[in-house]
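Take this sequence and fold it.
(chains A and B)
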Amino acid sequence: GQNIDQPTEMTATEGAIVQINCTYQTSGFNGLFWYQQHAGEAPTFLSYNVLDGLEEKGRFSSFLSRSKGYSYLLLKELQMKDSASYLCAVTPSTDSWGKLQFGAGTQVVVTP
Amino acid sequence: NAGVTQTPKFQVLKTGQSMTLQCAQDMNHEYMSWYRQDPGMGLRLIHYSVGAGITDQGEVPNGYNVSRSTTEDFPLRLLSAAPSQTSVYFCASHGSGTGSGANVLTFGAGSRLTVL
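So this is what the prediction gives:
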């Protein structure tokens, strides 16, 4: 079956670093996405990994290990506006990139 | 650019009623999809379309119908609403081609449906 696991909630202070882990077991794999979702809003794209290694985009970085079925999203220099749910999603096939399988999301709470 | 537009934003139905959630995109994207989001379960794919006239079932298609008569529109129909369909529904679209940018989903703002 399909399984994408991520922690339910994490708390960190402003200015700190938080790492959100995601493990997956899916029937196929062709890429892993991270989305950010603020309460009551739509998910918005953060990052994408298809090859092993680290992708850096400003304060956000995402890492992928395909052999381990593992990814993490690293949020640096946390700001209050980073309080949101972070969704890990896998695309299992090359012919349908939009058919994503999502984890349940990790709620990140940033405290002053 | 409006992106992906969903209507209505909120809807309350009684069990057995039917309704259509509208979705339109103005980015000329070939691919469109409908997801539902429930607490603790993440987003689950309901139906998917790779172009006008072509649709495919996702993970949880039962109780929902779709059609794609134009590139822009992808309505989701609930034929006989049930309390289990109480959820937040998101429509999304993405373009084609190579590279990660083409495959990034753009989501609509969501439609919150309550079935009594």
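
Quick check: residues of chain B near chain A?
Contacts of chain B with chain A, taken as C-beta under 8 Å from any C-beta of the partner chain, map to B:31-33, B:35, B:40-45, B:48, B:50, B:56, B:58-59, B:90, B:92-94, B:100, B:102-110. Using the backbone N, CA and C atoms, a C-beta is placed for each residue, glycine as well.

Around chain B, pick out the residues from chain A.
Residues of chain A lying near chain B (C-beta under 8 Å from any C-beta): A:4, A:31, A:33, A:35, A:41-45, A:48, A:50, A:87, A:89, A:91, A:96-105.

Buried among the residues of chain B next to chain A? Make that a ChimeraX selection.
Here is the ChimeraX command that picks out the buried ones among these, judged by 16 or more other C-beta atoms under 10 Å in any protein chain shown:
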select /B:31,32,33,35,42,43,44,45,48,50,58,90,92,93,94,103,104,105,106,107,108,110
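
Show me the helices in chain B, by range?
Per DSSP state H, chain B carries no helices over any range.

Can you name the residues that contact A:Phe63?
Residues in contact with A:Phe63, defined by C-beta atoms under 8 Å, 6 or more residues apart in numbering or on different chains, are A:49, A:53-55, A:71-72, A:74.

and it, what are its bridge partners?
On the basis of DSSP bridges, A:Phe63 is bridged to A:Leu54, A:Tyr72.

Identify the residues contacting stretch A:102-109?
Contacts for stretch A:102-109 (C-beta under 8 Å, 6+ apart): A:4-12, A:18, A:20, A:22, A:24, A:37, A:75, A:82-89, B:35, B:40-44.

again, only this time at 6 Å
Contacts of stretch A:102-109 with the rest of the structure, by C-beta atoms under 6 Å, 6 or more residues apart in numbering or on different chains, involve A:4, A:6-7, A:9-11, A:20, A:22, A:83, A:85-89, B:40-43.

Give me the buried entries from the residues you listed.
Buried among those by 16+ other C-beta under 10 Å: A:4, A:6, A:10, A:20, A:22, A:83, A:85-89, B:42-43.

What is the nearest of the contacts of A:Phe63 to B:Thr71?
The nearest member of those to B:Thr71, counting by C-beta to C-beta, is A:Asn49 at 29.5 Å.

The residues of chain A next to chain B in strands, which ones?
Under the assignment DSSP state E, these contribute A:4, A:33, A:35, A:44-45, A:48, A:87, A:89, A:101-102 to strands.

Return a PyMOL selection command for the buried portion of those residues.
Remark: buried members of these, expressed as a PyMOL selection using 16+ other C-beta under 10 Å:
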select buried, chain A and resi 4+33+35+45+48+87+89+101+102
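
how about the ones in strands among the residues of chain A next to chain B in CSV, adding pLDDT?
Listed next are those as CSV, based on pLDDT from 0 to 100:
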residue, pLDDT
A:Ile4, 94
A:Phe33, 94
A:Tyr35, 97
A:Thr44, 96
A:Phe45, 94
A:Tyr48, 91
A:Leu87, 97
A:Ala89, 95
A:Gln101, 91
A:Phe102, 94
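
my read: A:Leu73 touches A:Ser61, true?
No. With contact defined as C-beta atoms under 6 Å, A:Leu73 does not reach A:Ser61; the gap is 7.5 Å.

what about the two, which has more around it?
A:Leu73 (26 against 16; other C-beta atoms under 10 Å in any protein chain shown).

Please tell me how far that one sits from chain B.
For A:Leu73, the distance to chain B (C-beta to the nearest C-beta, to the nearest Å) stands at 15 Å.
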